[in-house]
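A.B. asks: next input, structure requested:
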Amino acid sequence: MSAPKFTKTIYVPCLRLKAGEYRGLHHLSHDVKDKITPRLVVPPPKDKDPELGRPLTLEEIVHLTGKRIGEYWPLREAYLDTRFLFKEFGETGSGIWLPQLFTTARNHNGKVIPVVSLHDILGSLGAAFPLVAAEGCSSKFALRVESGDIIDPQFSLHVRNALSRLGVKADECTLLLDFCDADFADAEIVAEIVRAAFEDVQEVANWGRIVFQGTNYPATNPAAAGGYTIVPRNEWRAWRSAIKFDKDTSDHLIFGDYAADCAKFEFKSGGARAIRHYRITTEDGWLVVRGAKSGRDQIVMRDVCQRIVDSGSFAGRTFSSADEYIYQTAQGWNGPGNAMVWRGINTAHHITRVVQDIGKVKGMQFASLPVSDPPKQLSIFADEDADK
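C.D. replies: Below is the predicted model of the structure:
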């Protein structure tokens, strides 16, 4: 059987499957949704679920993961990364609970493609992952390799063995070149590494799709309380340099990042107050605007949003639902939001920015968002917006 026809993906953001991220995905415009395949990382049970207010059991993770993907990203492909669940729920029982998780997601209209690393498939999980292959999707699996894997002299052999264990051909798989362990301080140095890695993996096999993924966003908030800073998007610069970005070459190595976040996955049980800020993605950086330490959310976040609107980097109300929400908050018509809303706004704006920037080079057209003023203005994120 020939591989399924690929969707028109031009961007792969890596997102934590947390409320802010999946709600941010849900609020994207349809023409942006059509151009992405998100990689969704399932948090382990020690990460407190924001909707239930406590860690989830295995049964709840299996059920709620599928339900939420079906509700917020229905009938669209997504790479599902479950690697943080094995330590908690056990590798020996993964042949039971892993298929249950993927079956539940698919029964809820989630078109999920399993993400598997070389270490996983060649190790103790070699029997579990072949049970969850995606049928009827553009890929059956996404094989995730880090930059350190590629320089291994046995890399080609490891890949062949991995594909054999999965029971698939390379052209039925997406290869995720995950540069989560790379230092992006110098974009040109990273570009050379990415270019070499891309050539190496092409020599190993004829992949259905190859995706670059990395980020220069720091692990801690870079802005001082009440201030702002600009962080360069060096992963974006490195990718553009590596492929000599134009309307054709970017099809061969698809761009991916960690949205408006770092590559370090740190899952906590909660308790600390969220930092009141927004991360506004521009054409080559992130404008990080942080609120004052003290004061009511309504006042602090209105000030944050007003500074964004006045910054010269504001994309405008019609750019995305996230930008309209920021504008409304600045005007005092909406907001202030909460940690879940702020994360969703960062996610929706960032994905829209990347898709539109890549799309422009490819000659794609995107519709502007219709907007209106009060008195009957409704919250874009009305169901989750609440003042703390």
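
A.B. asks: OK, contacts around Y79?
C.D. replies: Neighbour list for Y79: 12, 37-40, 112-115, 142, 174, 176 [criterion: C-beta atoms under 8 Å, 6 or more residues apart in numbering]. Every C-beta, even on glycine, is put in place using the N, C-alpha and C of the backbone.

A.B. asks: which SS class is it?
C.D. replies: The three-state assignment at Y79 reads strand, by DSSP: H, G, I helix; E, B strand; the rest coil.

A.B. asks: residues of the lengthiest helix in the chain that come out buried?
C.D. replies: Among the segments of the chain that qualify as a helix by DSSP state H, the longest is helix 339-361. By neighbour count with 16 or more other C-beta atoms under 10 Å, helix 339-361 contains the buried residues 339-359.

A.B. asks: before we move on, back to that, now go through the contacts of Y79 and say which are in strands.
C.D. replies: Assignment to strands by DSSP state E places the following of those there: 12, 39-40, 112-115, 142, 174, 176.

A.B. asks: which among these count as buried?
C.D. replies: Those of the ones in strands among the contacts of Y79 that meet the buried threshold are 12, 39-40, 112-115, 142, 174, 176, by 16+ other C-beta under 10 Å.

A.B. asks: my read: A224 touches A292, true?
C.D. replies: No. Using C-beta atoms under 8 Å, A224 makes no contact with A292, being 10.4 Å away.

A.B. asks: which one's more surrounded, those two?
C.D. replies: A292 (13 against 10; other C-beta atoms under 10 Å).

A.B. asks: could you dump the ones in strands among the contacts of Y79 into TSV and include distance to T329?
C.D. replies: Formatted as TSV, those follow (distance: C-beta to C-beta, whole Å):
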residue	distance to T329
V12	30
R39	30
L40	28
V112	34
I113	36
P114	39
V115	35
A142	37
T174	38
L176	36
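
A.B. asks: and those as a markdown table, adding distance to Q365 and pLDDT?
C.D. replies: A markdown table is the format used below for the ones in strands among the contacts of Y79 (distance: C-beta to C-beta, whole Å; pLDDT from 0 to 100):
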| residue | distance to Q365 | pLDDT |
| --- | --- | --- |
| V12 | 22 | 98 |
| R39 | 26 | 98 |
| L40 | 28 | 98 |
| V112 | 30 | 98 |
| I113 | 28 | 98 |
| P114 | 34 | 98 |
| V115 | 32 | 98 |
| A142 | 29 | 98 |
| T174 | 27 | 98 |
| L176 | 29 | 98 |
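
A.B. asks: from the residues you listed, which is closest to T318?
C.D. replies: Distance to T318, by C-beta to C-beta, is smallest for V12 among those, at 25.8 Å.

A.B. asks: how about the helices in the protein?
C.D. replies: For the chain, applying DSSP H gives helices covering 19-26, 30-33, 58-72, 86-89, 94-107, 118-122, 147-150, 155-166, 187-204, 234-243, 297-309, 321-331, 339-361.

A.B. asks: rank these by pLDDT, which is bottom?
C.D. replies: For the helices of the chain, mean pLDDT drops lowest on helix 86-89, to a mean of 86.

A.B. asks: what comes up buried for it?
C.D. replies: Within helix 86-89, the residues that count as buried by 16+ other C-beta under 10 Å are 86, 89.

A.B. asks: show me the contact partners of it.
C.D. replies: Residues contacting helix 86-89 (C-beta under 8 Å, 6+ apart): 44-46, 58, 94, 97, 125.

A.B. asks: please report how far the residue nearest to Y258 when sequence neighbours are not counted lies from M364.
C.D. replies: Nearest residue to Y258 in three dimensions, chain neighbours excluded: T215, at 4.1 Å (C-beta to C-beta, 6 or more residues apart in numbering). According to C-beta to C-beta, to the nearest Å, T215 and M364 sit 24 Å apart.

A.B. asks: neighbour-wise, which of those two wins?
C.D. replies: T215 (25 against 16).

A.B. asks: thinking again about what came up before, mind checking which of the contacts of helix 86-89 are buried?
C.D. replies: The buried subset of the contacts of helix 86-89 - by 16+ other C-beta under 10 Å - is 44-45, 58, 94, 97, 125.
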